[in-house]
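1. Sequence and predicted model, in that order:
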Amino acid sequence: MRLTHAAAKPVKRDLSAEHLHAHHEGDAGGHARAEPNQRVLVLALLLTLAFAGVEAGAGWFANSLALISDAGHMFTDAFALGLACLAQIIARRPPSERHSFGFGRAEALAAFINGLLMLALVAFIAGEAVMRLSDPEPVKGGTVTVVAVIGLAVNVLVAWILSRDTSSVNSRASLLHVMGDLLSSVAALAAGLVVSYTGWMPIDPLLSIFVSLLILRSTFSTLADAYHTLMEGVPRHIDYVQVGADLADVDSVESVHDLHVWEMAPGQPAVIGHVKVASLGDWPAVLDRIRAMLREKHHIDHITLQPETTEHCASDNDEMRSRKPARGHHHHHGHGHGVHHH
C-alpha cells in the first residue's frame, strides 16, 4: 500500500490593521491616558450648551451685547466639554489601514477650528461694542439681570458637577473654563443692574468688551495647544534635551541620535530614535531599562527605538562617504551625532 503525503498548507500570516497595530507583551500598552467620568462631562455639556442657547436668544431679545458675549463664552466652554467627550469616543476607535495611529488627533483639529470660530465671534462683538459706544442703543436691563442671575446659577451648578471628578485632567481643565464663565456671568449681571437702576447704556458694550477679552484669552490658549499638537511639537510637560540625556545615561548606552518626541494625540506622548550600544546581545536588557526610565521619569509609554553598534555606524558612514555626492545641495542625515536637536 502506497502512502501519499499531503502537501503542507502554508501558514497564513495575519496582516490586518488590528494585528499590525496590536501591542505584544513588553510593548507600550493601551496608550494610557486619563479618562474622565463621561456621565459627568455629558451632564455638564448639556447644561452649559442648553443655557448658552437660551442666553443668546435672551441677549438678542434684550438687545444686550453683554448677554450675547456671555453666551459666546459659554459656547466655548461647551465646546471644551464636547472635546473631552469626543476624546473618549475617538480613543475607542481602532486604527485602520489608512490611519495607523488612530484618530486621537481629531480632538486637536476640532479645537483649532473652534478657536478660529471664536476669533470671528470676538471680532463681531468688539465691532458692535465700538458702534454702540458711539451711538448707544436701549437695553432691557430687567431681562438682562434675570437671565444673568440664572446663568450664574447654572455655572455654579456645572462647576460643582465637574468638581466631583477631580481625578481627570480633562475635567479639571473644563472646570477652569467654567470658572471663567462665572466671571463673565457676573459682568452680564452688573450690566443689567447698572442699566436697570441708572439707565447708563454704555455699560453694556463696555462689559461685553471685557467678556470678549476673556474669550480671547482662552481662545489663544486653545489655538496654541492645538497648533502645537498638530505640528507634532514636543509635549509641553516633557523636556526634550533631558530625555536625550537620560537615555544616554542608561547603562550600556553609548550614544543617542535621531531622537524625536511628539504626541500622537493629546495625552499620548511617543518617542522614536536610534540608540548605539556596544553589543546587540545586550539590547533586550538595555531596552527594558530604557522603557522603565521613560515611563517613570517622563511618562512616555509608546517607545520605538532602533539599536545600533559601533561597527554598524562605521559601516554606514563608510558607505555614505563612498557614494558620489549629487549635484547641488546634498543633505546628509548621518548617524552617531549624539542627541539630534530641533
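-> Received it, and whenever you're ready, just let me know what you need.

2. quick one: D77 and V178 touch, right?
-> Yes: here D77 reaches V178: they are 5.8 Å apart, a contact under C-beta atoms under 8 Å. Bear in mind the C-beta positions are built from the backbone N, C-alpha and C, glycine included.

3. shared neighbours, those two?
-> Residues within reach of D77 and of V178 at once, by C-beta atoms under 8 Å, 6 or more residues apart in numbering, are T48.

4. and after the host helix or strand of L213, which helix or strand comes next?
-> Using DSSP states H and E, L213 sits within helix 203-230. Later in the chain than helix 203-230, the nearest helix or strand by DSSP H and E is helix 240-248.

5. so what does that next one touch, helix or strand wise?
-> Helix 240-248 sits against strand 253-265, strand 268-277, helix 283-298, with contacts defined as 3 or more C-beta pairs under 8 Å, 6 or more residues apart in numbering; DSSP states H and E.

6. in the stretch 1-150 of the chain, which segments are predicted with low confidence?
-> Scanning the stretch 1-150 of the chain with the threshold set as pLDDT under 70 gives 1-37, 87-88, 91-92.

7. that older thread, just the buried residues of the helix holding L213, please?
-> 203-212, 214-216, 218-219, 222-223, 225-226, 228-229 (16 or more other C-beta atoms under 10 Å).

8. Buried residues in stretch 137-153, which are they?
-> In stretch 137-153, the ones that count as buried by 16+ other C-beta under 10 Å are V139, K140, G141, T143, V144, T145, V147, A148, G151, L152.

9. how does the protein divide up, domain by domain?
-> By the assignment in automatic domain parsing, the chain contains the domains 33-230, 240-322.

10. Highest average neighbour count across those domains: which stretch is it?
-> domain 33-230 (a mean of 19; mean count of other C-beta atoms under 10 Å).

11. rewinding a little: tell me the average confidence for the helix holding L213?
-> The average of the pLDDT scores along helix 203-230 is 88.

12. Please state the offset of it from the chain centre?
-> Its chain's C-alpha centre and that of helix 203-230 lie 17 Å apart, by C-alpha atoms, centre = their mean, to the nearest Å.
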